[in-house]
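> give me a model of this one.
(one chain, ligands or ions: 1)
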Amino acid sequence: MKGFKTLRFRFAMWTAGLMVVVLVLFGAVVYISLWQGLSSSIDDLLQLSASQVITGLNIENGQIGLSDNLPDNLVAADLQARGFTIRILTANGKVLQSSGLYRDLPVDPASLQRAASRLSSLQTMNAGGNDSVRVYSVPVLDNQNLIGVVQVMQSLKTFNDTLNRLLAVLLVSIPALLILAALSGYYLAGRALSPIDHITRTAQQISAKDLSARLNLSGPDDEIGRLATTFDGMLARLEASFKRERQFTANASHELRTPLAAMQAIVNVTRSRRRSPEEYETAIDDLSEEADRLRGLTEDLLYIAREDSRPSGVQEEVNLSLLLRDVGEAMLLMAEPKGLRVIMELQDHLMIRGDSDALIRAFSNLIDNAIKYTQEGVIKIQGRRTKTAHIEILISDTGFGIAPEHLPHIFERFYRVDEARTTQGFGLGLAIVQEIISRHRGTIEVSSQVGTGTTFKISFAA
Ligand code: ADP
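The predicted structure is shown next:
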């Protein structure tokens, strides 16, 4: 049953179906045109022969001369030799003279009636058995008086035989061609579709655990070839994305474990003996700090998880000039205790469409990093429109800088320059920033020199 549902079977059936229509139409056209051609040539010959007979008639005193003996007439002899039957009748149908195979055939009254109206007629008559005869009857006139009728006949046996032979050839060859068309359709479809079966089998092998299977179809660059390449590309992307997800989960668990282990250690050490109230206070402060780190990390993780599954953020008109000023001012609280200056050079009305909460998060992260990784100097927040109608935001500091080997990785999730992990972050900040900026059709670039400072440049299409 399954075989009937395949594309291959349907393709074969369609080919056969189309062939039926084409062959039947072709057969019908050939049959009809042969039939028309043959019958009109027989009629033409009959008419020509009849006129030859009439020309040779001997008409005396308004009557057909009986002296004219047909077999002696040269024309008649010739016609008879070519299989024609000739009859000369009186006006009322009495046979005067006749020659040929069908000379005794009864006279059809209809032909006499038409002759009486001075009209010639063509009829097909049954001559017994399978034989039929074409009869052409012409009135013979003398001074507008009907004095007789000439009939010329020809057997239709050859005509019918030819048509029957053609019909037989068509009836045998059409089904044979149909079977051939269906079989070749089935074979060709099978050849064309076999890579698809290969794709199906490979797809069946693939599970979420093992996405390493590839089709690696080495065929021509046709529809199937392109399908296979697309399929392989999709698998590669899926595999990479699953790998990233697994890596992310592993990193996240690892990061969660560190503060938890620290908290466990603080509790164990504190409990190991009796402590003074000051020591308990310090332990609680340490615990609170670790809890803060945990909260920060879980918030980041939640944010990433939510953003990954969200189609697109809120869309509203955002005034970046005001937003950056607010964020910068809020960050002063962190910068001032470190003795850092914050300079803002922001053009007015830098407008983009987007999600203001997400943008606040992104810029806070960047400014927070600038403060975190700068010992002394200036944090600069600049915003301007460029010639190409882009909005450009620069956040620069005079901090530690980032070594060139780290620069390509700093936007990766969980990537930290400080391997000893003595700083507070988890390496998720810049990954989140990049995510938010690219959601706003923006780009982020970094340039940095160790010991001099770092500049992040964000560009938005206006
Ligand atoms: P974290 O939360 O650890 O700060 P980020 O993703 O924000 O993680 O940053 C990744 C790394 O890039 C940081 O560990 C830090 O070493 C480096 N980095 C980010 N911003 C700056 C900066 N302004 N100056 C120097 N280093 C920076």
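
> for the stretch 51-200 of the chain, which spans come out with low pLDDT?
Scanning the stretch 51-200 of the chain for pLDDT under 70 picks out the ranges 66-76.

> one more time with 80, if that's ok
56, 58-81, 129 (pLDDT under 80).

> the strands in it, which residues?
Along the stretch 51-200 of the chain, counting by DSSP state E, counting those that start in this stretch, strands occupy 59-60, 63-64, 84-89, 95-99, 121-126, 132-142, 145-155.

> how about the nearest residue to the residue of the stretch 201-350 of the chain found nearest the ligand, chain neighbours excluded?
In the stretch 201-350 of the chain, the residue that lies nearest the ligand is residue 300 (8.1 Å; Cβ to the nearest ligand atom). C-beta here means a position set from N, CA and C on the backbone, and glycine is covered the same way. Spatial nearest neighbour of residue 300, excluding adjacent residues (Cβ to Cβ, 6 or more residues apart in numbering): residue 428 at 4.3 Å.

> what residues are up against the one you found?
297, 300-301, 304, 413-414 (Cβ atoms under 8 Å, 6 or more residues apart in numbering).

> could you redo the last one with a cut-off of 7 Å?
For residue 428, the residues meeting the contact criterion (Cβ atoms under 7 Å, 6 or more residues apart in numbering) are 300, 304, 413-414.

> right, and the ligand sits closest to which residue of the stretch 301-450 of the chain?
For the stretch 301-450 of the chain, Cβ to the nearest ligand atom, closest residue to the ligand: residue 425, 2.0 Å.

> relative to residue 382, how far out is residue 336?
For residue 336, the distance to residue 382 equals 20 Å [Cβ to Cβ, to the nearest Å].

> looking at those two, which one has more neighbours?
Neighbour totals were compared for residue 336 and residue 382, and residue 382 leads with 17 against 12 (other Cβ atoms under 10 Å).

> look up which helix or strand that one falls in, please.
Element membership for residue 382 (DSSP states H and E) is strand 378-385.

> now for that strand, which elements pack on it?
Helices and strands touching strand 378-385, by 3 or more Cβ pairs under 7 Å, 6 or more residues apart in numbering; DSSP states H and E, are helix 320-335, strand 341-346, helix 356-372, strand 390-397.

> in that strand, what counts as buried?
378-383 (16 or more other Cβ atoms under 10 Å).

> ok, stretch 443-459 next?
In stretch 443-459, counting by 16+ other Cβ under 10 Å, buried: 444, 446, 448, 453-456, 458-459.

> now do the end-to-end distance for it.
5 Å (Cα to Cα, to the nearest Å).

> returning to that earlier point: got JSON lines for the buried residues of strand 378-385, with distance to the ligand and pLDDT too?
Putting these into JSON lines (distance: Cβ to the nearest ligand atom, whole Å; pLDDT from 0 to 100) gives the following:
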{"residue": "378", "distance to the ligand": "13", "pLDDT": "95"}
{"residue": "379", "distance to the ligand": "9", "pLDDT": "96"}
{"residue": "380", "distance to the ligand": "12", "pLDDT": "96"}
{"residue": "381", "distance to the ligand": "12", "pLDDT": "97"}
{"residue": "382", "distance to the ligand": "15", "pLDDT": "97"}
{"residue": "383", "distance to the ligand": "18", "pLDDT": "96"}
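
> follow-up on the earlier one: please identify the most buried of the strands of the stretch 51-200 of the chain.
Greatest average neighbour count among those goes to strand 84-89 (a mean of 23), per mean count of other Cβ atoms under 10 Å.

> dump that one to CSV, restricted to CA.
Taking Å, rounded to 0.1, in the frame of the first residue of the first chain, the C-alpha atoms of strand 84-89 are listed here in CSV:
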residue,chain,number,x,y,z
PHE,A,84,-14.6,0.3,-61.0
THR,A,85,-18.1,-0.9,-61.7
ILE,A,86,-20.1,1.1,-64.3
ARG,A,87,-23.8,1.1,-64.9
ILE,A,88,-25.8,3.0,-67.4
LEU,A,89,-29.5,3.3,-66.4
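
> work out the sheet partners of it and label each with its direction, please.
Sheet pairing of strand 84-89 (DSSP bridges) gives strand 95-99 (antiparallel), strand 145-155 (antiparallel).

> any idea which of these gets closest to the ligand?
Here strand 145-155 is closest among those (Cβ to the nearest ligand atom), at 104.9 Å.

> can you give me the angle that closest one makes with strand 132-142?
Angle between the axes of strand 145-155 and strand 132-142 is 160 degrees (criterion: axes from the mean of the first three to the mean of the last three Cα atoms, to 10 degrees).

> all further residue positions should be reported with the first residue as 56.
With the count now opening at 56, the last piece we talked about shows up as strand 200-210.

> tilt between strand 200-210 and strand 176-181?
Using the same axes, to 10 degrees: strand 200-210 against strand 176-181 is 40 degrees.

> what does strand 200-210 contact?
Residues contacting strand 200-210 (Cβ under 7 Å, 6+ apart): 97, 100-101, 104-105, 108-109, 117-119, 138-146, 151, 157, 167, 170-171, 186, 188-196.

> hmm, back to that, most surrounded residue in the contacts of residue 483?
residue 355 (22 neighbours).

> ok, it - contacts?
When contacts are counted by Cβ under 7 Å, 6+ apart, residue 355 is found next to 481, 483, 487.

> mind checking which of these land in helices?
Among the contacts of residue 355, the ones falling in helices (DSSP state H) are residue 487.

> kindly export stretch 112-120 (C-alpha atoms) in CSV.
The C-alpha trace of stretch 112-120 is given here as CSV (Å, rounded to 0.1, in the frame of the first residue of the first chain):
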residue,chain,number,x,y,z
LEU,A,112,-21.7,8.0,-74.3
ASN,A,113,-23.4,7.7,-77.6
ILE,A,114,-26.7,9.8,-77.5
GLU,A,115,-29.0,9.3,-80.4
ASN,A,116,-32.5,11.0,-80.7
GLY,A,117,-32.6,11.9,-77.1
GLN,A,118,-31.8,8.4,-76.0
ILE,A,119,-28.7,6.6,-74.9
GLY,A,120,-27.6,4.5,-77.8
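
> distance of the residue nearest the centre of the chain relative to residue 250?
When Cα atoms, centre = their mean is applied to the chain, the residue found nearest the centroid is residue 278 (8.9 Å). Distance, residue 278 to residue 250, by Cβ to Cβ: 10 Å.
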